[in-house]
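Let's see this in three dimensions:
(3 chains)
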Amino acid sequence: MRSPVRQPFPIALLTDFGYRDHYAGVMKGVIAGIAPGATLIDLTHGIPPQSVTAGAIALRESWRYFPRGTVFVAVVDPGVGTDRRPLAIETLAGCRLVGPDNGLLFPAADQAGIARIVELTAPRYRLRHLSSTFHGRDIFAPAAAYLWKGTRIDSLGPRVDKLATLHLERPVESDREISGTVMYIDGYGNLVTNIDRAGIDRLSARFSGRRLWVKILRVTPLPITNTYGEAPKGAPLATFGSFELLEVAIRDGSAAKRFAAQPGTPVKVRVS
Amino acid sequence: MRSPVRQPFPIALLTDFGYRDHYAGVMKGVIAGIAPGATLIDLTHGIPPQSVTAGAIALRESWRYFPRGTVFVAVVDPGVGTDRRPLAIETLAGCRLVGPDNGLLFPAADQAGIARIVELTAPRYRLRHLSSTFHGRDIFAPAAAYLWKGTRIDSLGPRVDKLATLHLERPVESDREISGTVMYIDGYGNLVTNIDRAGIDRLSARFSGRRLWVKILRVTPLPITNTYGEAPKGAPLATFGSFELLEVAIRDGSAAKRFAAQPGTPVKVRVS
Amino acid sequence: MRSPVRQPFPIALLTDFGYRDHYAGVMKGVIAGIAPGATLIDLTHGIPPQSVTAGAIALRESWRYFPRGTVFVAVVDPGVGTDRRPLAIETLAGCRLVGPDNGLLFPAADQAGIARIVELTAPRYRLRHLSSTFHGRDIFAPAAAYLWKGTRIDSLGPRVDKLATLHLERPVESDREISGTVMYIDGYGNLVTNIDRAGIDRLSARFSGRRLWVKILRVTPLPITNTYGEAPKGAPLATFGSFELLEVAIRDGSAAKRFAAQPGTPVKVRVS
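Presented below is the predicted three-dimensional model:
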């Protein structure tokens, strides 16, 4: 028996399928049949159901930590079976992205640089029987497996000019204030905002020596600390978290529960 | 150092161990010690605790998407340590099934075609110390790993004639109606019934041109649509889902929560 | 292209990152970039947030089931970014442990026998950009990957004499009684105590022929059974579970929910 092909990059899966059912497992079974030597990495299957935005953010925050060549297959797909197109994207940074054309792939593709987009139409690179409700299994998993094995992207279908965009709100900077929003709430209940370090640095530079304060809902304004551990247990804090974005957290607790914040909740950074 | 053996098929795990503890991880550790080259796939560890039927359905819906030769190790085992037998099954379709003889393996084995069944008694292919509460680790994981490596199934123990059956209720068809039940509720809250496309096609053929309606609880009768996306957001719908079975869903929502349906809830398909 | 190095042991991950976010997936991406041939095993990412003790127990109960050489990377790290040290440990039993010096690694290291400890300071074996909130990605994942590939532990940083301890309470034995506590509550709701079989055997030997009873909260004293299956459905029972420790469980149910027990709840074993 010939040993399976191996590649120095994995296939990574991100879905909203959850962990209760066999759905994500079945996608991995399909991949293992086509690309038996592939290392399969569950990026997460815990994206909140149908939350294209949360999936898009998680993918954008992840791709750059994986080796060049990694094939990401991402499925958060409320429009499965409608006319939204199934896509594969080759990026300038080297990763490949496979998934529905509903904005899910956009922030990662935009960051990695789009080299080529194709629509996944070639019957040879799909499962023979095509359902209208589970393209993760029938279209996306096979496409990812073939790309991983070395199939050229152009074999998978015709070129596509543009993909559906998904624009994440950007913070607004004024002279004395940055006005942003909660963008993502993680499993710890940390409130990840859309405010990055560069914006804070610009504000700091304009008022050198003055302290900055983070304001969310009715919480007493918070200073920006370097680590979660600097706050006392149970106290709120603001820090740059895993996303390299400003986040509001509770030391050893859940800010989402305590403050009943949602994606979209306003967050401001002000000079004292 | 000799490179580990590799095979072009994986070992897939399905359990009700959940994701909080190290139990599923320990099974994978045992397998990695015996079969270090094996690709390990978590099919799911989220089967509701002790739900042999849910596990049996998930396994039956999954096996055919994996490559020939795949070894499935399935553990939903409320009778662990009692006299229910630990089994390995070779199927005509080529997959191997390892797990307790409590019905869990039956629907998949029945569909794949039973070639051989053995009881896992050979001490050489178990862990040395045998607990009475964790056969997943002590008996099933080692058996799966040895089968994957090429150990003949007959080395694992004596032949067994029959395995414990688990009969899933079948829908009843009358002239104008199919009378089925909810069989499985997935993580999205979709209500998967036991009504398949063939039954619907027979009913359609008898009343060609007439519309069919799906009736569940007090919900207004639903037409059968092709995709989730055809219904407006938040509206109920009936479609053929990932199982290729009729399911009742809420577009971007949970039908299980909205309708308080359970496995066993009646579902009817009627001519208008 | 050169085929990736392979080793006959995996890298196993244990964290409190949960399954909703991409955090654990990103750690695996970093590892795949450095050690593309490594088999990655999710031991669990479901440790309750910031529960160093629960993580330490799960790691101690797991390591011995993995093959010699396995690299465990464990991250439950409420003090990330503070002055708690990042460590790698080589053990006499052959496994390697990577994680924060907050007690998490102690019970496993103590059991496996400590051969060498180093502090992870060498910039070459970390990610270039170091955050103050995600050392799992920036320090621990790279260290684990390099150890797996064969990098000598002393290359990762200077030797350390001692690691932070974490002492799990031990039961107190008197003539007629063992007085212990609930140590860990698993996902089934089983109440795992700190009372082991040896203690029970000593008590039994002193009163040969007399029955032992397990007493917890206001529950009617329970005999010790061999399996979960010996109790009727829904009834409480005491048995030696997966940990080889005495546990209180409900047949096909959750003892944690029924009895509102917590880690620390007293449990006694008495002669009748």
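
I'd like to know how far the residue in chain A that chain C sits nearest to sits from B:Ser3.
Of all residues in chain A, the one sitting closest to chain C is A:Thr227 (3.0 Å; CB to the nearest CB). In this view, the C-beta of every residue, glycine as well, is placed from N, C-alpha and C. Shown here: A:Thr227 relative to B:Ser3, a distance of 43 Å by CB to CB, to the nearest Å.

swap in A:Ser51?
Following CB to CB, the distance that separates A:Ser51 from B:Ser3 is 42 Å.

Give me the more crowded residue out of A:Thr227 and B:Ser3.
For A:Thr227 versus B:Ser3, the count of surrounding residues by other CB atoms under 10 Å in any protein chain shown is larger for A:Thr227: 19 against 14.

Let me see the ranges of the helices in chain A.
Read by DSSP state H, chain A holds these helices, from start to end of the chain: A:23-34, A:52-62, A:106-112, A:135, A:141-149, A:197-206, A:255-259.

Now render these as CSV, adding distance to C:Ile139, mean neighbour count and mean pLDDT.
Formatted as CSV, the entries for these read as follows, by distance: least, CB to CB, whole Å; neighbours: other CB atoms under 10 Å in any protein chain shown; pLDDT from 0 to 100:
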stretch, distance to C:Ile139, mean neighbour count, mean pLDDT
helix A:23-34, 29, 25, 98
helix A:52-62, 18, 25, 97
helix A:106-112, 24, 22, 98
helix A:135, 38, 23, 96
helix A:141-149, 29, 26, 98
helix A:197-206, 20, 14, 92
helix A:255-259, 25, 18, 93
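
Redo those helices as a markdown table? Include distance to B:Asp201.
Output for the helices of chain A, formatted as a markdown table (distance: least, CB to CB, whole Å):
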| stretch | distance to B:Asp201 |
| --- | --- |
| helix A:23-34 | 25 |
| helix A:52-62 | 34 |
| helix A:106-112 | 40 |
| helix A:135 | 23 |
| helix A:141-149 | 27 |
| helix A:197-206 | 60 |
| helix A:255-259 | 48 |
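
Out of these, which gets nearest to C:Arg60?
For those, distance to C:Arg60 was read as CB to CB. The smallest value, 29.0 Å, belongs to helix A:23-34.

Which other helices and strands does the closest one contact?
Taking 3 or more CB pairs under 8 Å, 6 or more residues apart in numbering or on different chains; DSSP states H and E as contact, the helices and strands that helix A:23-34 lies on are strand A:11-15, strand A:40-44, helix A:141-149, strand B:11-15, strand B:40-44, helix B:52-62.

Columns distance to B:Leu156 on top of those, output as a markdown table?
Conversion of the helices and strands packed on helix A:23-34 to a markdown table gives the following (distance: least, CB to CB, whole Å):
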| stretch | distance to B:Leu156 |
| --- | --- |
| strand A:11-15 | 32 |
| strand A:40-44 | 28 |
| helix A:141-149 | 32 |
| strand B:11-15 | 15 |
| strand B:40-44 | 20 |
| helix B:52-62 | 20 |
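
Which of those sits closest to C:Asp196?
Comparing the helices and strands packed on helix A:23-34 against C:Asp196 with CB to CB, the closest turns out to be strand B:11-15 (25.5 Å).

Mind checking if the closest one is in reach of chain C?
No - against chain C, strand B:11-15 shows no contacts by CB under 8 Å from any CB of the partner chain, the least distance being 10.9 Å.

Identify the residues contacting that strand?
Under the contact criterion CB atoms under 8 Å, 6 or more residues apart in numbering or on different chains, strand B:11-15 has outside partners A:22, A:25, A:29, B:23-24, B:27-28, B:31, B:35, B:38-45, B:47, B:55, B:58-59, B:62, B:66, B:70-76, B:136, B:144-145, B:148.

how many degrees apart are it and helix A:23-34 in direction?
Using axes from the mean of the first three to the mean of the last three CA atoms, to 10 degrees, the interaxial angle of strand B:11-15 with respect to helix A:23-34 works out to 170 degrees.

Please work out the average pLDDT along strand B:11-15.
Mean per-residue pLDDT for strand B:11-15: 98.

Mind jotting down where the strands sit in the stretch 151-272 of chain A?
Here the stretch 151-272 of chain A has its strands, by DSSP state E, counting those that start in this stretch, at A:172-173, A:177-185, A:191-196, A:212-216, A:224-225, A:236-240, A:245-250, A:266-271.

For the last one, which strands pair with it and how are they oriented?
When sheet partners are counted by DSSP bridges, strand A:266-271 sits next to strand A:177-185 (antiparallel), strand A:212-216 (antiparallel).

State the distance from the closest residue to A:Ser254 other than its chain neighbours to chain B.
Once flanking residues are discounted, A:Ser254 sits nearest to A:Gly189: 2.7 Å by CB to CB, 6 or more residues apart in numbering or on different chains. From A:Gly189 across to chain B, the span is 17 Å (CB to the nearest CB, to the nearest Å).

From what I see, A:Gly189 and A:Asp252 are in contact.
No - here A:Gly189 does not reach A:Asp252: they are 10.8 Å apart, not a contact under CB atoms under 8 Å.

So which of the helices and strands packed on helix A:23-34 is nearest C:Arg170?
When the helices and strands packed on helix A:23-34 are compared by CB to CB, strand B:11-15 sits nearest C:Arg170, at 31.5 Å.

What strands line up against the closest one, and which way round?
Strand B:11-15 has these partner strands in its sheet, going by DSSP bridges: strand B:40-44 (parallel), strand B:71-75 (parallel).

Extract the C-alpha set from the last one and format it as PDB.
Which is strand B:71-75. What follows is strand B:71-75, C-alpha atoms only, in PDB (Å, rounded to 0.1, in the frame of the first residue of the first chain):
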ATOM      1  CA  VAL B  71     -12.200   2.100  12.600                       C
ATOM      2  CA  PHE B  72     -15.000   3.600  14.500                       C
ATOM      3  CA  VAL B  73     -14.800   3.400  18.300                       C
ATOM      4  CA  ALA B  74     -18.200   4.300  19.800                       C
ATOM      5  CA  VAL B  75     -18.800   4.600  23.600                       C
END
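
contacts for that strand?
Strand B:71-75 is contacted by residues B:9-17, B:27, B:43, B:55, B:59, B:62-63, B:66, B:95-100, B:104-105, B:108, B:135-136, B:140-141, B:143-144, B:147-148 when judged by CB under 8 Å, 6+ apart.

What angle do helix B:52-62 and that strand make with each other?
Here the directions of strand B:71-75 and helix B:52-62 differ by 160 degrees (the same axes, to 10 degrees).

In the stretch 101-250 of chain A, what residue comes closest to chain B?
A:Phe134 (4.1 Å).

Find the nearest non-adjacent residue to that residue, please.
Nearest residue to A:Phe134 in three dimensions, chain neighbours excluded: B:Ser242, at 4.1 Å (CB to CB, 6+ apart).

is it true that that neighbour touches A:Thr133?
Yes - with contact defined as CB under 8 Å, B:Ser242 and A:Thr133 form a contacting pair (5.7 Å).

Kindly report the residues of chain A close to chain B.
With the criterion set to CB under 8 Å from any CB, chain A comes near chain B through A:1, A:3-4, A:17-26, A:28-30, A:32-33, A:36-40, A:42, A:49-50, A:78-82, A:131-134, A:137.

hmm, which of those are the buried ones?
With burial judged by 16 or more other CB atoms under 10 Å in any protein chain shown, the buried subset of these is A:4, A:17-26, A:28-30, A:32-33, A:36-40, A:42, A:49-50, A:78, A:80-81, A:131-134, A:137.

returning to what we had before: deepest of the strands paired with strand B:11-15, which one?
Comparing those by mean neighbour count (mean count of other CB atoms under 10 Å in any protein chain shown), strand B:71-75 ranks first with a mean of 28.
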